[in-house]
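Visitor: have a look; sequence and predicted model below, questions after that.
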Amino acid sequence: MDLDRSLSGYDYELPPGLIAQNPAVPRDSSRLLVVNSPETGTSVSPLHRIFRDLPELLQPGDLLVMNNTKVIPARLYGSKSTGADVEVLLLEERRHNCWLALVKPGKRFKIGTEIIFTSSGQNSQKILKATVMESDPETGGRLLQFDLPEDVPLVQVLAEFGQIPLPPYITASSAADEQYQTVYAQEQGAIAAPTAGLHFTPELLEKLRHCGINQAFITLHVGVGTFRPVEVEDVTTHAMHEEWIEVPSDTVEQIRATQVAGGRIIAVGTTVVRALEGAAQLGNLQPFVGKTNLFIYPGYKWRVVEGLITNFHLPRSSLLMLVSALIGRIRLLDIYQEAIASKYRFYSFGDAMVILPEGKSIKL
């Protein structure tokens with residue numbers, strides 16, 4: 001099988017010590033690996049910079065498109081009526097105050113099971129109840145109906161009962177909750193941060209604007225689709241879980257104006273890639289509100305995105321395949337080996353790379 005289509009073709013070994021447990025402080029002091037040359041017959045090494053150098057690497061008239069989703073306190077600890085402890089990770093709201101969730105221990109959550117959560121407040125503790133309504137075969141999760149007044153959405157009270165869910169590979173972090181949010185986070189609904197955006201500070205955003213580098217926003221509520229592992233050897237048969245996106249009309253207008261003026265569209269993160277490319281699947285980019293299950297891997301025909309800012313991703317992940325579609329799988333794995341040799345920090349709290357439009361694969 002062609003390794004571009006094979007799961008084993010997206011493997012690499014990462015020393016555990018390079019998995020970042022805490023973010024860089026300040027945010028824009030993280031390292032930035034720059035891919036700014038097209039793929040050629042001879043190896044061209046990427047540049048090593050600092051993230052705050054970004055204004056020097058982009059051009060006036062470029063458009064940065066960012067994901068303004070906000071991580072919710074989606075991890076809850078509670079107990080069943082029997083007293084047994086349970087852990088719940090909310091994934092997405094299916095109907096009013098009825099959420100799809102991953103639960104532990106899953107096999108013991110039968111239909112009708114009641115779960116009780118207690119608020120974390122020290123003075124006056126509150127109670128929140130949920131009932132298991134049905135199972136979800138696709139995720140192995142459960143649909144939980146939360147017992148709240150009709151006019152009170154669950155996200156309004158989650159801060160009292162839940163915790164911000166860090167990824168499982170972050171095991172020794174002292175990061176504050178706000179360090180796992182982008183500085184431009186607004187729309188509540190994600191269960192994981194769009195981590196490429198964690199490197200931006202208000203000062204850096206202002207400097208970019210001053211340099212004529214414009215900014216626009218989409219919303220993709222990061223869910224299980226983003227981090228669900230690929231488990232099939234033929235990656236083309238992998239089914240992405242749907243995630244909710246909104247590509248507003250003003251962002252579409254900014255993109256079109258940028259393209260007409262000769263500027264470049266730079267996506268800040270793979271979630272932005274999926275939102276923009278997902279909204280353009282029927283042809284030209286159009287405003288869109290709904291769900292996408294777009295899976296991007298080598299051979300994909302790009303419609304909107306020309307450059308990408310992204311963190312370093314897990315082996316065998318759909319995110320690694322997406323970035324490979326932009327610059328080529330072998331080339332990306334070579335770049336990852338250079339990043340490992342140079343002691344870059346990996347994953348959610350790690351360093352970043354920017355693939356400039358002139359660094360895209362010439363095959364595309």
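Guide: Right, received. Where do you want to start? Residues are numbered from 1 along each chain as shown.

Visitor: how near is Ile355 to Val252?
Guide: As judged by C-beta to C-beta, to the nearest Å, Ile355 and Val252 stand 23 Å apart. Glycine gets a C-beta too; all of them are placed from N, C-alpha and C.

Visitor: which one of those two has more residues nearby?
Guide: Between Ile355 and Val252, counted using other C-beta atoms under 10 Å, the more crowded position is Ile355 (26 against 21).

Visitor: for the more buried one, give me its contacts.
Guide: Val35, Gly307, Leu308, Ile309, Thr310, Val323, Leu326, Ile327 (C-beta atoms under 8 Å, 6 or more residues apart in numbering).

Visitor: mind running it again at 7 Å?
Guide: Neighbouring residues of Ile355 by C-beta atoms under 7 Å, 6 or more residues apart in numbering: Val35, Gly307, Leu308, Leu326, Ile327.

Visitor: buried ones in stretch 338-350?
Guide: For stretch 338-350, the neighbour count (16 or more other C-beta atoms under 10 Å) marks Ala339, Ile340, Tyr344, Arg345, Phe346, Tyr347, Ser348, Phe349, Gly350 as buried.

Visitor: in helices, which of those appear?
Guide: Ala339, Ile340 (DSSP state H).

Visitor: okay, the buried residues of stretch 338-350 in a markdown table with pLDDT and distance to Ala172 next?
Guide: Shown next, in a markdown table, are the buried residues of stretch 338-350 (pLDDT from 0 to 100; distance: C-beta to C-beta, whole Å):
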| residue | pLDDT | distance to Ala172 |
| --- | --- | --- |
| Ala339 | 97 | 22 |
| Ile340 | 98 | 20 |
| Tyr344 | 98 | 19 |
| Arg345 | 98 | 14 |
| Phe346 | 98 | 15 |
| Tyr347 | 97 | 13 |
| Ser348 | 97 | 14 |
| Phe349 | 98 | 11 |
| Gly350 | 98 | 14 |
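
Visitor: now render the buried residues of stretch 338-350 as a markdown table, adding distance to Pro165.
Guide: A markdown table is the format used below for the buried residues of stretch 338-350 (distance: C-beta to C-beta, whole Å):
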| residue | distance to Pro165 |
| --- | --- |
| Ala339 | 26 |
| Ile340 | 27 |
| Tyr344 | 25 |
| Arg345 | 20 |
| Phe346 | 19 |
| Tyr347 | 15 |
| Ser348 | 11 |
| Phe349 | 14 |
| Gly350 | 18 |
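
Visitor: relative to Ala193, which of the buried residues of stretch 338-350 is nearest.
Guide: Ser348 (6.8 Å; C-beta to C-beta).

Visitor: pretty sure the closest one contacts Pro165?
Guide: No. Assessed by C-beta atoms under 7 Å, Ser348 is found out of contact with Pro165, at 11.1 Å.

Visitor: quick one: low-confidence parts of the chain?
Guide: Filtered on pLDDT under 70, the chain yields the residue ranges 1, 39-44, 106, 121-124, 225-227, 362-364.

Visitor: tell me the secondary structure at Gln337.
Guide: At Gln337 the chain is in helix, as set by DSSP: H, G, I helix; E, B strand; the rest coil.
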